[in-house]
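In: Got a predicted model here, sequence first, then my questions.
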Amino acid sequence: MHQITFLCSGRVSVSQQKKVNVLSLLIDPDDIYSSEQKPGSSDALDFRHHNYKEMRKLMKSVTDECPDITHVYTIGKSYTGLKLYVMVISDNPSKHELGEPEFRYVAGMHGNEALGRELVLNLMQYLCREYKKGNQRVVKLVTETRIHLLPSMNPDGYEAAYEKGSELAGWAEGRYSFEGIDLNHNFPDLNNIMWDAQEAWNHQHVFPSQVSPETRAVISWMQDIPFVLSANLHGGELVVTYPFDCTRDWAPQEDTPTADNAFFRWLATVYASTNLVMANPDRRICHYEDFQKHNNIINGGAWWVTLPQLGMNDFSYLHTNCFEVTVELSCDKFPHASELPVEWENNKESLLVYMEQIHRGIKGVIRDNFCPVFISSAADGDYWRLLNPGDYKVVVWAEGYFPSMRRCNVGMEPRATMCDFTLTKTPLTTTNLLSFHKSLLNEVLS
Ligand SMILES: [Zn+2]
C-alpha cells in the first residue's frame, strides 16, 4: 500500500512502501515496438535545420495548416530579444480543459544540441497532418491531451551554433546562453532545501548567482500551466536520465532516487526501449560509457558527466509536481541535415509513446460541496498524479477543509483511474486541525 498526500499548495508528497519492478510492467497493451527502421522517412516533413526565422515560418505554416488544433504563444525573450515560442496542440488549444492533462517537450536548452529542436518541429507537422488524416492514435492523443512544444529554450545559443553549422560547431559553441550561462545549472536547488533546510539555506549553491531571462521565462511558464509530464531534449549521448540529478551534499556521483523512482524508471524505459538507436543491441557507444548495460537509462545523480546541479528536471518535479526526464538523443549534437529523416524515424515512436504516459496513475476533481477547491495544479480543482499500478490511499488536504481520504486503485491499462474528492469546510482552528490531521495520518499509516 502506498500513501499519497496532497498538500493544500497542490504539491504532493509520496511515501512508497512497495517497490514496483519496472521490467515486470513492460508488457504493455499498446504495441510499442511497431516501428521499423527505414532509410530516411516515409513522412514528408521539412527535414532541415531551421534558424530562428525559419523556425518561426515553419510554426506559422503549421498553424495555417491546422488552425483548429494549434495555437502559438511566447513565454518570454532571450537575452538578445529572441522570442521563446511555444506551439500548443490540442482539440481546444487556447485553454485548459477540465480533466485534460498538460504535457510539454522542451528542446534546445543547450543551443548547440540541435536535434531536439528539429524533432519538435517535425512533431508539430506530424501531429497536424496525421490529425487531419484521421490517424486514430494521434486524434486520441490530441483530443485528450494539451501538448506544449518549446523547440528552442536558448535561441541565442542556437543562432551561434547554426552560424558554424553541423561541420564546424564545436562541443561547447552555442551551449550557453548569450550571457554565458548553462541553463541546466540555473534553477533553484530545492533538493538540498528538502533534504536539510538549515544546511542548504546557509549554502551558496542553493540559488544560482545569476538567473537568465530564459530560465525565468520557463519558471513562470511552469507556474502558469499545471504540467503533469515533460521531457527535456538534449544531445551528445544516447541515454535517458531521470531525477534526481542533484546529489545529497553535492556528492560528485551518487544514485539519488526520488520517492517516485519506479515510475521515473518506467518513463525513462518507455523512451529508451522504443528509440531505434538505443534499442539496437549492436550499437556503438558514443564516448566512454556503455549505457546499454543499464538498458540506456540512468539516474542523473549517478552519471558523473552531466550532474546538472540546479537543473530543470529536479525543479520541475519538486516545485510543480511535473515529472520530467532528460533525453540525450544522439552522439552527435548537431547532426548533418541529411541525417534528420532517419533521426525522426529513430525517435518518432518514442516521442509519441512517451506523451501517452500522461494518461496513467490517478486523476480527478477536488471540490467542496458546490464549487471547485483551488489548488495550484489547476484552477478548476482538477489534479493528476502519475503512479505505477497498485493500491493507494490518497489524502487531500486543503486549508479551511477537513482532510479527505480515499482508496484508489491503479490498474495495468494505459489510462488514468478517476478519483474525485469532495471536501467539507471546517470551522476548526489550525491547532485543532493539526491534531485531526495527525489522527487521519495514523489511520492512513495503519
Ligand atoms: Zn545538453
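Out: Great, that's in hand.

In: can you pull the contacts of the closest residue to the ion within the stretch 1-150 of the chain?
Out: Residue of the stretch 1-150 of the chain nearest the ion, by Cβ to the ion: residue 110 (3.6 Å). Bear in mind the C-beta positions are built from the backbone N, C-alpha and C, glycine included. For residue 110, the contact set (Cβ atoms under 8 Å, 6 or more residues apart in numbering) comprises 154, 157, 174, 175, 176, 182, 183, 184, 234, 235, 333.

In: Tell me how far it lies from residue 207.
Out: For residue 110, the distance to residue 207 equals 21 Å [Cβ to Cβ, to the nearest Å].

In: contacting residues for residue 167?
Out: Per Cβ under 8 Å, 6+ apart, neighbours of residue 167: residue 336.

In: Poorly predicted segments of the stretch 101-250 of the chain, please.
Out: 168-170, 196-206 (pLDDT under 70).

In: who in the stretch 201-350 of the chain is up against the ion?
Out: residue 234 (Cβ under 5 Å from the ion).

In: can you check the stretch 51-200 of the chain too?
Out: So far as Cβ under 5 Å from the ion goes, the stretch 51-200 of the chain lies against the ion at 110, 113.

In: ok, which stretches of the stretch 51-200 of the chain are strands?
Out: Using DSSP state E, counting those that start in this stretch, the strands of the stretch 51-200 of the chain run over residues 70-77, 83-89, 102-107, 146-150.

In: got CSV for these, with mean neighbour count and distance to residue 137 too?
Out: Output for the strands of the stretch 51-200 of the chain, formatted as CSV (neighbours: other Cβ atoms under 10 Å; distance: least, Cβ to Cβ, whole Å):
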stretch, mean neighbour count, distance to residue 137
strand 70-77, 17, 18
strand 83-89, 22, 14
strand 102-107, 26, 15
strand 146-150, 24, 13
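
In: Domain boundaries for this protein, per the record?
Out: 52-359, 362-445 (automatic domain parsing).

In: Most tightly packed of those?
Out: Most buried of the domains of the chain, by mean neighbour count (mean count of other Cβ atoms under 10 Å): domain 52-359, with a mean of 20.

In: Okay, now that one: how far is its last residue from its first?
Out: Using Cα to Cα, to the nearest Å, the end-to-end distance of domain 52-359 comes out at 33 Å.

In: now do stretch 401-412
Out: 33 Å.

In: do the same with stretch 407-415
Out: The first-to-last residue distance of stretch 407-415 comes to 17 Å (Cα to Cα).

In: where exactly do the helices run in the stretch 101-250 of the chain?
Out: 115-133, 136-144, 155-168, 190-195, 197-202, 213-224 (DSSP state H, counting those that start in this stretch).

In: related to what we said a few turns ago, now the contacts of residue 110 in a markdown table, with distance to residue 393?
Out: Below are these laid out as a markdown table (distance: Cβ to Cβ, whole Å):
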| residue | distance to residue 393 |
| --- | --- |
| 154 | 43 |
| 157 | 46 |
| 174 | 49 |
| 175 | 45 |
| 176 | 46 |
| 182 | 41 |
| 183 | 39 |
| 184 | 36 |
| 234 | 37 |
| 235 | 42 |
| 333 | 46 |
